[in-house]
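> Task: produce atomic coordinates for the following.
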Amino acid sequence: MTVSGKLEITPLPNKPLGASVTLPRGVTDPSKLSDEDFKTLQAALETYLVLVIPNQAELPPTSQYDLTVRFDPSCQGSYGHDEKLFHHKESVLAKDGKCIPDRTEVVMVGNGSFEAGHAPGMKAFELEHPSQSTFHKDVLTEEEKANGQTRFYRWHIDSALYGLSPPKVTTLLGIQVPKCDEKQKIIYEDNGEEFELVKGATAFASGATAFKLLSPEDKEKALNTTVVYAPHPYIFIGKTKATSDGLTIVSEGKEIGLDKLPPWEESKVKKLPMVWTNPTTGEHHLQVHGCCVYQLINNKTGEVTELEEARKEVHRLMRPAISPQHIYAHAWNKGDLAIFFNQGVWHSVTGEFQPHENRLMHQCNVASGYDPVTKV
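Numbering: from 1, shown residues only. Sure thing, here's the model as predicted:
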C-alpha cells in the first residue's frame, strides 16, 4: 500500500493488475487532488495500469474531463476520435456512444433507452451494448448464450489511429449500473480454457505482461517493428468481421478500398512502434490495436508484412496475454470510476445484454499531443 498524505493506493488482491484508490478525507472530486497526491496517483496508474475509485456516481462530466487531461498536459483538448469519423455510418464505432452536448469530450456508452434531460440539452437517446453477435465472424449460438457464454468483443486501445495520437489515459464512470451478480463465461476456442466473469465486466490485459511472455527472438522483433494502421481504420474494417477472441480481423477481402474511404492524407496515417515504454516503470509494453493493423515494417530490413499476414502475426504475439490468469475483469458497481493507462493496457467489452437492460457510463479520453515511443 502506498500512502501520500491520506491518499491510499491498494493493489487488487489476487489480480494480475489493478489497484483501488481511497481519496484523502474531505476530497470527493478526484480532479481536485493536490499536486502531491496527483503525482502519486499518476505513478500508481502507470505502475498498476488500472485504478478504481468508488462512489463517484455524481462526478460531473467537466470534472471527469479535467481529471483525464491532467494526466497529460499535451492533450489536444478534444475527444480521442474525430467525431464525424467516429459516427460515420460505415464505421464499426458508429453505434458505440453519444457525446454529452456541453462536454463533448465525454461520451455516453451503455445499453437501453434513456429519457431526455440526462445532461443539459440532451434529448431522449438509445445506446447499444457492443456484442460479438454483430462483430465476430462466427457468433455464439442461442444455446451457448443461454448457457451463460460471452466473448471478448474487441481487444483494443482507445485511439483514432489516424491523425490524432493515442490518448494516454481513459476514464470510465458507472452512472447507471444494474446490480448484477450474474456470472458469464468465456470459453477459449483454441484450447478449451474457461474464464468466469460478472456479466458486463470490462476486461483488461497488460501490454507489459504481453511483452514479457514473448520469446527472446520475438521481443527483439517486436522492438524493431513499426505498426502501420489503415487510413480511417474503423471505416476500413466497417464491413469485416473479427476473430472469436476479439484480437483481430478475419481476412476475407471485405475491407473498404482505400480509394473508397473518405478523403485521407498519407501524412496522417499512423505508423507507431509495436512496443511502447512505460514512463514510470521503464518496462516495455506490447501495444497493438490488432483489428486496425494494416502493415508491419521491419525497422532493420525495411521488409513489409502485408495485411493478412500482419493480422496473423499480431494475433500470434498478442494471444498469450489474454489467457485467463493474465486478465483483470472489472465487475461494475454504480459509481465506480475506472482510470486506465491507455498506453499500457488493452481492454475489451464483454457481456450479453437484452435491449431492456439499461446501463449508462461516461467515458472520456483525449488525444495526446505526441505519439508513444520505445526506449530500447
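> how close does D102 sit to M122?
Applying C-beta to C-beta, to the nearest Å, the value for D102 to M122 is 9 Å. Every C-beta, even on glycine, is put in place using the N, C-alpha and C of the backbone.
> between these two, which one's more packed in?
Set side by side, D102 and M122 show more neighbours around M122, with 17 against 12, by other C-beta atoms under 10 Å.
> May I have the residues that are in contact with the more buried one?
The contact partners of M122, by C-beta atoms under 8 Å, 6 or more residues apart in numbering, come to 100-101, 116.
> Among the residues you listed, which ones are in strands?
I100 (DSSP state E).
> The contacts of M122 into CSV, with extra columns for distance to G257?
Compiled in CSV, those are given as follows (distance: C-beta to C-beta, whole Å):
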residue, distance to G257
I100, 35
P101, 35
A116, 41
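> hmm, which of the contacts of M122 are the buried ones?
I100 (16 or more other C-beta atoms under 10 Å).
> how about the contacts of M122 in TSV, adding distance to V227 and pLDDT?
Shown next, in TSV, are those (distance: C-beta to C-beta, whole Å; pLDDT from 0 to 100):
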residue	distance to V227	pLDDT
I100	32	82
P101	35	80
A116	42	82
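> Out of the contacts of M122, which comes closest to G369?
Set against G369, the nearest of these by C-beta to C-beta is I100 (23.1 Å).
> List the contacts of the closest one.
I100 neighbours (C-beta under 8 Å, 6+ apart): 61, 106-108, 119, 122, 362.
> what do you get for I249?
I249 touches 237, 240-243, 290-291, 311, counting by C-beta under 8 Å, 6+ apart.
> what sits against Y229?
Y229 touches 161-162, 269-272, 289, 292-294, counting by C-beta under 8 Å, 6+ apart.
> Out of those, grab the one that's most surrounded.
That'd be L161 among the contacts of Y229, by other C-beta under 10 Å, with 28 neighbours.
> which residue packs closest to that residue, ignoring adjacent ones?
Y229 (4.2 Å; C-beta to C-beta, 6 or more residues apart in numbering).
> ditto for S159
That would be P166: by C-beta to C-beta, 6+ apart, it lies 3.8 Å from S159.
> Just give me the neighbour total for the one you found.
23.
> Now the phi/psi pair for H326, please.
phi -100, psi 0 (degrees, to the nearest 10).
> Count the neighbours of it for me.
Neighbours of H326 (other C-beta under 10 Å): 17.
> My guess is it contacts S206. True?
Yes: if you go by C-beta atoms under 8 Å, H326 and S206 touch, sitting 6.9 Å apart.
> Which of the helices or strands spans E36?
Per DSSP states H and E: E36 is located in helix 35-48.
> Okay, buried residues for that helix please.
Buried residues in helix 35-48 (16+ other C-beta under 10 Å): 37-38, 40-48.
> contact partners of stretch 192-202?
Contacts of stretch 192-202 (C-beta under 8 Å, 6+ apart): 129, 150, 172, 178, 180-188, 203, 323-324, 327, 329-332, 338, 347-353, 359.
> what distance separates the start and the end of stretch 264-277?
Stretch 264-277 has an end-to-end distance of 29 Å (criterion: C-alpha to C-alpha, to the nearest Å).
> and that stretch, which residues are buried?
Buried, per 16+ other C-beta under 10 Å, within stretch 264-277: 264, 269-270, 272-277.
> does S133 sit in a helix, a strand or a coil?
When classified by DSSP: H, G, I helix; E, B strand; the rest coil, S133 comes out as helix.
> wait, doesn't it sit right on E144?
No: using C-beta under 8 Å, S133 makes no contact with E144, being 10.8 Å away.
> Most neighbours out of the contacts of I100, which is it?
In the contacts of I100, the most neighbours by other C-beta under 10 Å go to H362, 27 neighbours.
> I'd guess that residue is in a strand, am I close?
Yes: secondary structure assignment places H362 in a strand (three-state DSSP).
> Check the gap between it and T171 for me.
8 Å.
> where do the helices sit along this structure?
Remark: helices assigned in the chain by DSSP state H are 35-48, 61-70, 83-86, 132-135, 142-146, 207-212, 216-223, 233-236, 307-318.
> which residues are contacting the fifth one?
Right, helix 142-146. Contacts for helix 142-146 (C-beta under 8 Å, 6+ apart): E352.
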